[in-house]
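**Q** Structure for this input, please:
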Amino acid sequence: MVDVGTFAQYLRELTARLDPGSGWYGVFTRRDPQGMRSCLDGVEIPPWDVVESLLADLAALHGTQVAERVSVRAAALYSASVAAHDRRPGGRQELVHRLELMIREQGRAAERLRTAGAAGAAGPTGA
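**A** Here you go, the predicted structure:
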């Protein structure tokens, strides 16, 4: 049975093949080093789009064929570890909490876009 730790080990092996100073991996480690560390330690599971970004880094460094092979195994391990993570005691509550956070962040992002759009529509003179 695959657990969160199995995927975390796989993620560590994947990131060991990447340049931590460049690409998406570099962005993630600079913007949220604790979050990335939590994922590599198996405390958290990154969103799939983060994994896809790391696979894109792998493709840039080692070729698309390598990344495609790795992505098949990554997807299988990811799905299994997410299922195991969600079955833990308190998993449902954690998912609900995350969903609430994401909905709030989506609302804030939409508001920032509306504000930016209104500022841009007024033009540089404010007219």
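**Q** Helices of the protein, residue ranges please.
**A** 4-16, 23-31, 33-41, 48-62, 64-87, 91-122 (DSSP state H).
**Q** Which residue lies nearest the spatial centre of this structure?
**A** Nearest to the geometric centre of the chain sits residue 50, at 2.8 Å (C-alpha atoms, centre = their mean).
**Q** Tell me which residues touch residue 109, please.
**A** By C-beta atoms under 8 Å, 6 or more residues apart in numbering, residue 109 lies in contact with nothing. Every residue, glycine included, has its C-beta placed from N, CA and C.
**Q** ok so, going back, now the helices of the chain in a markdown table, with mean pLDDT?
**A** Below are the helices of the chain laid out as a markdown table (pLDDT from 0 to 100):
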| stretch | mean pLDDT |
| --- | --- |
| helix 4-16 | 92 |
| helix 23-31 | 94 |
| helix 33-41 | 94 |
| helix 48-62 | 95 |
| helix 64-87 | 89 |
| helix 91-122 | 84 |
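**Q** The nearest residue to the residue nearest to the centre of the chain once chain neighbours are set aside: what's it in contact with?
**A** Spatial nearest neighbour of residue 50, excluding adjacent residues (C-beta to C-beta, 6 or more residues apart in numbering): residue 28 at 6.5 Å. Going by C-beta under 8 Å, 6+ apart, residue 28 touches 35, 36, 50, 53, 54.
**Q** and residue 119, how many neighbours does it have?
**A** Residues near residue 119, counting by other C-beta atoms under 10 Å, number 11.
**Q** Repeat that for residue 114.
**A** Residue 114 has 10 nearby residues by other C-beta under 10 Å.
**Q** Which one (most neighbours) among the contacts of residue 28?
**A** residue 54 (26 neighbours).
**Q** hang on, it packs against residue 15?
**A** Yes - counting by C-beta atoms under 8 Å, residue 54 touches residue 15, with 6.6 Å between them.
**Q** what do the two both touch?
**A** Contacts common to residue 54 and residue 15, judged by C-beta under 8 Å, 6+ apart, are residue 25.
**Q** Run through the residues that contact the residue nearest to the centre of the chain.
**A** 24, 28, 39.
**Q** Sounds good, over and out.
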